Structure formats: C-alpha cells, structure tokens
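Student: return a 3D structure for these sequence lines:
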Amino acid sequence: MTAPEPPSALDLTYAQHAGWACCWCGKSLLGCGGVEVGIARGSLGVHVLDVQVYACPDCASRPPSQAPAPAGERKDPGRGGATPAHATRQPTLPAASRIGAPPHTT
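Tutor: Coordinates of the predicted model:
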C-alpha cells in the first residue's frame, strides 16, 4: 500500500505552503505538530513551486484507501485563510512614490 499523493503546490493555501497547516484538511499544525507526507509539486511558467508538505496526525494515520478530502471540500481552512499562495497580490505603491510621478504638494 502506498500513501496518497499530496495535493498540487498550486492548490495549497499560504499556511499549507509554509508548513503551518495540514496539506489535506487545512487544520493548524501549530498545536498538534505535523507529519511529513511528501512533496507537493507544481509550476507556474518556468518557476518550479515544489514544496515539502505536512499533514496533521489524523490525516497522516488514515489508511491509503481513505483518501483525504479534496481542497474544495475541506471543512477547516486552517490559519492563513483559503487563498492559494500563488494568488496573493502584492501591495501597490502610493502614486507619489512611483517613478516619474510628480512630487506631492500641499
């Protein structure tokens, strides 16, 4: 029997990508500890997004025939919300700090 394959790196939330939440159920690992379950593989263009992922003790102890719930059916998104790490936006600079913008006058 082989363990179930970890989800794609593109489907992980920020907390799952950082190793703070279970890669399958999204439960926080900060209190219960995590069990290493493999590498979530993925790429975005030429950028390889492979990352080591962890599972909570409940998901890690399931028999391989009982696959964990898919990302869309998770009951607990864990800490960090349910936004995939690759979908977060960077903050934009205020207009006055952009290159070529006129200086701010009061």
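
Student: please enumerate the strands of this protein.
Tutor: 35-40, 43-44, 47-48, 51-55 (DSSP state E).

Student: those: which one's closest to Cys25?
Tutor: strand 51-55 (8.0 Å; C-beta to C-beta). Where you see a C-beta, it was placed from the backbone N, CA and C, and this is true even at glycine.

Student: CA atoms only for the closest one, dumped as PDB, please.
Tutor: Output of strand 51-55 as PDB, limited to C-alpha atoms (Å, rounded to 0.1, in the frame of the first residue of the first chain):
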ATOM      1  CA  VAL A  51       7.500  22.300  -1.600                       C
ATOM      2  CA  GLN A  52       7.700  19.900   1.300                       C
ATOM      3  CA  VAL A  53       4.200  19.400   2.900                       C
ATOM      4  CA  TYR A  54       3.000  18.200   6.200                       C
ATOM      5  CA  ALA A  55      -0.300  16.600   7.500                       C
END
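
Student: distance check, the closest residue to Gln16 other than its chain neighbours against Cys32.
Tutor: The shortest distance from Gln16 to any non-neighbouring residue, by C-beta to C-beta, 6 or more residues apart in numbering, is to Cys23 (5.1 Å). Here Cys23 is placed at a distance of 14 Å from Cys32 (C-beta to C-beta, to the nearest Å).

Student: the two: which is more packed in?
Tutor: Cys23 (30 against 12; other C-beta atoms under 10 Å).

Student: you'd agree that one is up against Ala55?
Tutor: Yes - contact criterion C-beta atoms under 8 Å: Cys23 and Ala55 qualify, at 5.8 Å.

Student: so what's the residue count around Ser8?
Tutor: 14.

Student: hmm, His17 is touching Leu10, no?
Tutor: No - judged on C-beta under 8 Å, His17 makes no contact with Leu10 at a distance of 10.0 Å.
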